[in-house]
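1. sequence first, then the predicted structure:
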Amino acid sequence: MELFFDPRSVVVIGASNTPFNLGHTICNMLKDYLHYQGAVYAVNSKGEAVNGCPGYSSVLDLPEAPDLAIIIVAARHVPGLIEDIARKGIRRVVIESAGFSEGGEIGEAMQREIDTIARQNGIRILGPNCLGALSTRDKFCCFYGVNPSLVEMNQIFESPGNISYIIQSGGVAVLVMESLYYDIVGVNKVVSIGNKCDVDEADLIEYFQKDETEVIGLYLENISNGRRLMEAARKSHKPVLLYKVGKTKEGAMAAMSHTAGMANNDRVFDAACRQTGIIRLQSIDELHSLPKMFTEMPLLKGKRIAAFTNSGAFGGISADLLVQAGLQMVRLAPQTQEKLKKVGQVFNVKNPVDIGPALPQTYLDIFEILLSADEVDGLLPLLSVWQPFVIDCLLELMKMCKQYEKPAAIYTPNAASKSIAIRKKSRIPIFETTEQAVRALAVSQMYWASLLKKNFTGEKTSCSAGMKANHRSTGEAMQ
């Protein structure tokens, strides 16, 4: 798998100087923007150089067998190119061309031909009908159509992170990356798998166990090998967050026309996810909003949550959302309430704890009291940033959470733009809605519960808190 993300040399088949040529954009990204140090070759009918990349009219004329071949030509030419690639000795191929199994009988026949040649020659294929692969640490990207002057790609590569994505749709891949521009977490690797005739999500989950990845996010339109996926997820030491389309007949039909996704039994799939620890997401935005709960906070080891607000309305809102999410509004113990009474400036010492305008020390005292309480497993702070010192208090809260090994899902009921600006500048894991914050607590607890079922006794998880758990083996995932 490594050569898809960090090849020492690349050939872009279909790159030319024709206006709007997509292969040209890949050469531009590698040479002009990422300053890729390996050799980049271009193959086109004229054998012309492209953006400084030496040009050849055939793969067979290349001076070496590159680590990776990227194909972006009309589908009808691809089987013949795969034969040439096999003869040249290239063993890793990204087929970005569309028009295969998602395009009807002719496309299916071409894909079968490609698959046969690849298997006979030990070639691994990513795609077809995909966007390719990206690695921030290796400064590599073979996404077509990306114009660095129009898209803020610099932030992705300048601030490598620990989230890796396996995404069946190129459009969703771009959406997720763009959404992370305004968050505190960063991308490690992104791979668009398209029709996944060969390399699939299970291969990549296994691969991401061995690199800097802390959280794995997936967007899938079909499951080609359910047993293998569930086995990879069961063995994963890292959270696997999955959004899958096709819950309805109409959604399954739409997926079929996009990446040849076939309908799966959604109820069976849902049960298998619960057995193997996959966190099934409820919306696309959770792919980019939830990972920070795993990278920035300890895991939630129980369901008892204390809410803390300086805006009384959000106390009732949070209570409803917590219960609906399967969590509990904890009844604070008498001794905890007595400690809160001594703080002063507290309107309500029961859960949710409610204060009005208060001094910084009041916030810090309440954080300390709630996190140290035996009956509290996690915190839901719903704090309007009415004074700059609230930001400083939230930074101290993050330290306390690690000290007590209890998480806080932070929401600031300010204008969204203000909350996002605070999050980005101060690197506080702020959620953009109360619903997101509560959902983050719920999935953290789900993942903790799944660790207790896995056979990883005493082993360290990937989450930032370095939690350890005793685990029990789970049953078979999907028959």
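-> Arrived safely, thanks for sending.
2. list the buried residues of stretch 391-409.
-> By neighbour count on 16 or more other C-beta atoms under 10 Å, the buried set for stretch 391-409 is 391, 393-394, 397-398, 400-401, 404, 406-409. Quick note: C-beta positions are derived from backbone N, CA and C, even for glycine.
3. also stretch 62-71?
-> Here stretch 62-71 shows 62, 66-71 as buried, counting by 16+ other C-beta under 10 Å.
4. nearest spatial neighbour of residue 103, skipping sequence neighbours?
-> residue 75 (7.3 Å; C-beta to C-beta, 6 or more residues apart in numbering).
5. my bad, residue 411
-> residue 437 (4.2 Å).
6. report how many residues lie close to that neighbour.
-> Look at residue 437: counted by other C-beta atoms under 10 Å, it has 27 neighbours.
7. likewise residue 334?
-> Residues near residue 334, counting by other C-beta under 10 Å: 8.
8. please apply the same query to residue 320.
-> Residue neighbour count, defined by other C-beta under 10 Å, stands at 12 for residue 320.
9. so it: helix, strand or coil?
-> Under DSSP: H, G, I helix; E, B strand; the rest coil, residue 320 falls in the helix class.
10. let me know the pLDDT of it.
-> Confidence at residue 320, expressed as pLDDT, is 92.
11. list the buried residues for stretch 75-83?
-> Counting neighbours by 16+ other C-beta under 10 Å, stretch 75-83 gives 75, 78-79, 81-82 as buried.
12. who touches that stretch?
-> The contact list for stretch 75-83 (C-beta atoms under 8 Å, 6 or more residues apart in numbering) reads 13, 59, 71, 73, 93, 95, 97-100, 103, 107, 110, 113-114, 117-118, 123, 128.
13. return the distance of it from the chain's centre.
-> Offset of stretch 75-83 from its chain centre (C-alpha atoms, centre = their mean, to the nearest Å): 32 Å.
14. avg pLDDT for it?
-> 97.
15. still on that earlier bit, I'd like the buried residues of stretch 62-71 as TSV, with distance to residue 212, secondary structure and pLDDT appended.
-> TSV is the format used below for the buried residues of stretch 62-71 (distance: C-beta to C-beta, whole Å; DSSP: H, G, I helix; E, B strand; the rest coil; pLDDT from 0 to 100):
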residue	distance to residue 212	secondary structure	pLDDT
62	32	coil	98
66	25	coil	98
67	21	coil	98
68	21	strand	98
69	26	strand	98
70	24	strand	98
71	29	strand	98
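16. of those residues, which is the nearest to residue 32?
-> residue 70 (16.6 Å; C-beta to C-beta).
17. doesn't residue 94 make contact with the closest one?
-> Yes - judged on C-beta atoms under 8 Å, residue 70 makes contact with residue 94 at a distance of 4.8 Å.
18. so what sits against both of these two?
-> Common contacts of residue 70 and residue 94 (C-beta under 8 Å, 6+ apart): 132, 142.
19. check the buried residues of stretch 391-409 against residue 132 and report the nearest one.
-> Of the buried residues of stretch 391-409, the one sitting nearest to residue 132 (C-beta to C-beta) turns out to be residue 409, at 34.3 Å.
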